[in-house]
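Q: just a sequence and a predicted model for now, questions to come.
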Amino acid sequence: MNLFEVNIQTCNQDGICVATCPAGIIEMKKGEYPTPVTGAEGICIRCGHCVAVCPTGSLSHSEMPMEKCPPLQKELGLSLAQSEQFLRARRSIRTYKEKSVPKSELLKLIELARYAPTGHNSQSVAWLALGNRNELKNLSEIIVNWMRWMLENMSEVALSLHMDRAVRGWEKGKDTILRGAPAVMVAHAAKKDIFAPTSSTIALSYLELAATSMGLGCCWAGYFNTAATTFPPMTEALMLPEGHQCLGSMMVGYPKFKYHRLPLRKSPEITWRL
């Protein structure tokens, strides 16, 4: 099969696929049908725009057959009011039920997060799903040891991040590290991948928003992530693939409490240049 094929029986020659292709690998001469440019196979980033944008369903990509790309269901679209409430209602959850999250639910989160945009459509974000209570406790203890090191060697930074309080709370039996979350999702990728840091952040944001619709709650695991990138014992304990680095981590679990109001935020600072 060629890079893509066009059904000339249904193609209306509107040129939309040409106009929207981010890599510019589709051309269409007057009176003819879309064709790949010379070298298109090596330039195409496999984003699927051409398949998704065709109003007549006439274009099929070799790696994304049109019949495997379901059409949008207009009835599932969100109104502005629905979108606003959904986004404003998102909360960082720090109190969880003592209930494990099934693997199937975590897999669904990853399945949705993989549709997040990535630089050059690299899709290079990999995942580590942690849900063993003993392992999470062990990792938390390593993080507390990192905090103790920080308090001794970089006290100004440690105190600004309230590590002293976190350590004291941990020593009193309170989970000040992962807040009792039954699972932690870690996004990682190759260190040499220049797109990966931003891609991972966006993917985790997708995951967090998707979790809300599934009755789950999330919170960015800042202590966890920083220790994973700066403290050798933590890096070793995660056992990520050779050459990979932790690029973000998220606590996941079932919220213990419900929220009933939309809190306020400060007004945005905007510079207009219209």
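A: It's in.

Q: name the helices or strands packed onto the helix or strand hosting W146?
A: When secondary structure is defined using DSSP states H and E, the element that contains W146 is helix 133-153. Using 3 or more Cβ pairs under 8 Å, 6 or more residues apart in numbering; DSSP states H and E as the contact definition, the elements that helix 133-153 packs against are helix 155-160, helix 163-171, helix 222-230, helix 232-238. For every residue, glycine as well, the C-beta is placed using N, CA and C.

Q: switch these over to a markdown table; also include distance to E5 and mean pLDDT.
A: Formatted as a markdown table, those follow (distance: least, Cβ to Cβ, whole Å; pLDDT from 0 to 100):
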| stretch | distance to E5 | mean pLDDT |
| --- | --- | --- |
| helix 155-160 | 58 | 97 |
| helix 163-171 | 58 | 97 |
| helix 222-230 | 44 | 96 |
| helix 232-238 | 44 | 97 |
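
Q: of these, which approaches L209 most closely?
A: Comparing the helices and strands packed on helix 133-153 by their distance to L209 (Cβ to Cβ), the top pick is helix 222-230, with 18.4 Å.

Q: helices or strands up against the closest one?
A: Counting by 3+ Cβ pairs under 8 Å, 6+ apart, helix 222-230 packs on helix 133-153, helix 232-238, strand 244-253.

Q: out of these, deepest packed?
A: The highest mean neighbour count among those belongs to strand 244-253 (a mean of 24), with neighbours defined as mean count of other Cβ atoms under 10 Å.

Q: ok, now how distant is P36 from D164?
A: P36 sits 61 Å away from D164, taking Cβ to Cβ, to the nearest Å as the criterion.

Q: the residue lying closest to Q85 once chain neighbours are set aside: how many residues sit nearby?
A: Counting by Cβ to Cβ, 6 or more residues apart in numbering, L262 is the residue found nearest to Q85 once chain neighbours are left out, at 7.3 Å. Close neighbours of L262, defined as other Cβ atoms under 10 Å, add up to 12.

Q: phi, psi for L262 please.
A: Dihedral angles phi and psi of L262 (degrees, to the nearest 10) take the values phi -100, psi 100.

Q: and if you look at K30?
A: Given degrees, to the nearest 10, the pair of backbone angles that K30 has is phi -50, psi 130.

Q: got the domain ranges for this structure?
A: Described in terms of automatic domain parsing, the domain architecture of the chain consists of the residue ranges 4-68, 91-253.

Q: for the residue positioned nearest the centre of the chain, give me its contacts.
A: Most central in the chain under Cα atoms, centre = their mean is A203, positioned 1.2 Å from the mean C-alpha point. By Cβ atoms under 8 Å, 6 or more residues apart in numbering, A203 lies in contact with A113, R114, A116, T118, V125, A187.

Q: would you turn those residues into JSON lines with pLDDT and neighbour count?
A: Compiled in JSON lines, the contacts of A203 are given as follows (pLDDT from 0 to 100; neighbours: other Cβ atoms under 10 Å):
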{"residue": "A113", "pLDDT": "98", "neighbour count": "24"}
{"residue": "R114", "pLDDT": "96", "neighbour count": "14"}
{"residue": "A116", "pLDDT": "97", "neighbour count": "19"}
{"residue": "T118", "pLDDT": "95", "neighbour count": "22"}
{"residue": "V125", "pLDDT": "98", "neighbour count": "24"}
{"residue": "A187", "pLDDT": "98", "neighbour count": "25"}
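
Q: in helices only, show me those.
A: When helices are assigned by DSSP state H, the members of the contacts of A203 inside them are A113.

Q: make CSV out of the contacts of A203 and add distance to K103.
A: Putting these into CSV (distance: Cβ to Cβ, whole Å) gives the following:
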residue, distance to K103
A113, 15
R114, 16
A116, 21
T118, 24
V125, 19
A187, 18
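
Q: nearest to S79 among the contacts of A203?
A: Nearest to S79 among those, with distances taken as Cβ to Cβ, is A116, at 22.7 Å.

Q: residues in contact with that closest one?
A: A116 makes contact with V125, S199, I202, A203, S205, Y206 under the criterion Cβ under 8 Å, 6+ apart.

Q: at 7 Å instead, please
A: Applying Cβ atoms under 7 Å, 6 or more residues apart in numbering, we find A116 in contact with I202, A203, Y206.

Q: spatially nearest residue to the first one (excluding sequence neighbours)?
A: Just to be clear, that refers to I202. Beyond its immediate neighbours in the sequence, the residue positioned closest to I202 (Cβ to Cβ, 6+ apart) is A116, lying 4.6 Å away.

Q: much appreciated, bye for now.
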